[in-house]
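Student: just to be clear, the model below is a prediction. Sequence and coordinates:
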Amino acid sequence: MTLSFLLLTLHLCPSCESQWGFWAHRQIHRQAVYLMPAPVAEFFRAHVQELIDHSIDADNRRRIDPTEAPQHYIDLDRYGSYPFDDLPRNYDDALKKFGYERLKENGLVPWRIAAFADSLIIVFREQNREKIIYFASNLGHYVADANVPLHATENYDGQLTGQKGIHARWESLYPQKFMLPRENAYLQNGSIFIIDDPTQEAFKWSLESFLLSQQVLEIDKQIQSELSQEDLYEPPSENSSKSRKEFSQMYYEKLKEKLNQMVENRFELSVVRVASIWYSAWLKANEPNLSNLLNK
Ligand SMILES: [Zn+2]
C-alpha cells in the first residue's frame with residue numbers, strides 16, 4: 001500500500017472513509033498472520049498476501065451491494081443507554097424484538113462477525129482453500145471495524161454535534177500521519193486467546209468501542225474549542241478546489257496527545273482479536289491439517 005494510493009482512496013471515495021483506512025485493514029491482517037501459532041501458521045503465512053489483498057473487499061462491496069454497509073457497524077445508542085441491555089445479544093431474540101428493518105438500520109456488525117466465524121469453521125472442516133481465504137479475510141475486516149470507536153455510535157461522524165469528519169480524522173488521517181511512517185514499529189507479539197462465543201465477544205468489542213467513541217467526540221470538541229480558526233485549519237492553498245477545510249497539524253498534534261495512544265491500542269487489539277478469531281475457528285473445526293493447501 002503506497003501513500004499515494006491511500007490518499008487517492010481518501011479523496012476519491014468519500015464513502016470509503018467510514019471504516020479503518022485501507023492501510024490499517026491491510027496492516028492488521030499482515031500482523032495477525034504473524035501471530036498465528038503452529039501448525040496452522042503455515043497455512044496463513046503461505047497465503048499472507050491474499051489475506052492482505054482481500055482485507056478490504058468488504059468495503060469495496062459497499063459500493064455495489066446495498067446490504068453490505070450495515071454489516072460494518074452497530075449504532076448501540078439507538079437502543080437506549082450503556083450497556084444497552086434492551087438489545088438482546090442473541091440474533092434471533094433481537095430479531096423477534098426489533099424486526100429486521102430496525103436491526104439493519106442500526107447496524108449488524110456483531111452478528112456478522114458471528115456468522116462469518118461459523119462459516120470459517122465449516123470451510124476449515126471442508127479444507128477448502130479458496131473459501132478459507134474468503135471467510136478469514138472478510139471476518140478479519142469486520143473484527144477490525146468493530147474495534148473502531150466510531151463504528152458503535154449513531155453520531156459516527158460527529159454529524160449530530162457539529163464535528164463532521166471526525167470519523168476519518170480518527171481512523172484514516174491519524175494513522176496516515178502518525179502510524180504509517182512508522183509501520184514497522186507496530187509489529188508486536190500479542191497473545192492470542194480462544195473465543196468461545198463470537199457473538200458475546202463481538203458485543204464486548206462494540207461496547208468498548210462505544211465508550212471510546214464518547215471520549216473521541218469529547219476530545220475533538222475540546223480541541224476545536226481551544227484553537228482559533230486560524231490554528232484549527234490549514235491555510236487554503238491557491239489552487240485548492242476543495243470545499244472542505246483540512247484540519248491543521250496543530251489540531252492533529254493535540255489529538256495525538258489527548259487520545260493518548262487510543263488509535264494505536266485499538267489497532268493492536270484488532271490484530272490480536274483477528275488472529276484469535278481465526279485460530280478459534282480452526283480449533284473448533286477440530287484442527288484440520290492444512291499442509292496440502294499450501295500451494296495454489
Ligand atoms: Zn468496513
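Tutor: Perfect, thanks for sending it. Residues are numbered from 1 along each chain as shown.

Student: how long is stretch 103-110 from one end to the other?
Tutor: End-to-end distance of stretch 103-110 (Cα to Cα, to the nearest Å): 11 Å.

Student: buried sites along that stretch?
Tutor: Leu103, Asn106, Gly107, Leu108, Val109, Pro110 (16 or more other Cβ atoms under 10 Å). Where you see a C-beta, it was placed from the backbone N, CA and C, and this is true even at glycine.

Student: secondary structure, distance to the ion and pLDDT for those - can I get that in JSON lines?
Tutor: Converted to JSON lines, the buried residues of stretch 103-110 look like this (DSSP: H, G, I helix; E, B strand; the rest coil; distance: Cβ to the ion, whole Å; pLDDT from 0 to 100):
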{"residue": "Leu103", "secondary structure": "helix", "distance to the ion": "18", "pLDDT": "98"}
{"residue": "Asn106", "secondary structure": "helix", "distance to the ion": "16", "pLDDT": "98"}
{"residue": "Gly107", "secondary structure": "coil", "distance to the ion": "11", "pLDDT": "98"}
{"residue": "Leu108", "secondary structure": "coil", "distance to the ion": "12", "pLDDT": "98"}
{"residue": "Val109", "secondary structure": "helix", "distance to the ion": "9", "pLDDT": "98"}
{"residue": "Pro110", "secondary structure": "helix", "distance to the ion": "14", "pLDDT": "98"}
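
Student: Arg30: which of those residues is nearest?
Tutor: Val109 (22.0 Å; Cβ to Cβ).

Student: isn't that closest one up against Tyr156?
Tutor: No. Val109 is not in contact with Tyr156 according to Cβ atoms under 8 Å; the separation is 11.9 Å.

Student: what touches both of those two?
Tutor: Tyr73 (Cβ atoms under 8 Å, 6 or more residues apart in numbering).

Student: in the stretch 101-250 of the chain, what residue lies closest to the ion?
Tutor: Residue nearest to the ion within the stretch 101-250 of the chain: Asp145 (4.3 Å; Cβ to the ion).

Student: identify the residue spatially nearest to that residue, adjacent ones excluded.
Tutor: Excluding the flanking residues, the one nearest Asp145 by Cβ to Cβ, 6 or more residues apart in numbering is His72, at 4.7 Å.

Student: give me the neighbour count for the one you found.
Tutor: 23 (other Cβ atoms under 10 Å).

Student: wait, a helix at the residue of the stretch 101-250 of the chain closest to the ion?
Tutor: Yes. When DSSP: H, G, I helix; E, B strand; the rest coil is applied, Asp145 is found to be in a helix.

Student: run a quick neighbour tally on it.
Tutor: 29.

Student: can you give me the pLDDT of it?
Tutor: Asp145 carries a pLDDT value of 97.

Student: how near is it to Ile74?
Tutor: Separation of Asp145 from Ile74 (Cβ to Cβ, to the nearest Å) stands at 10 Å.
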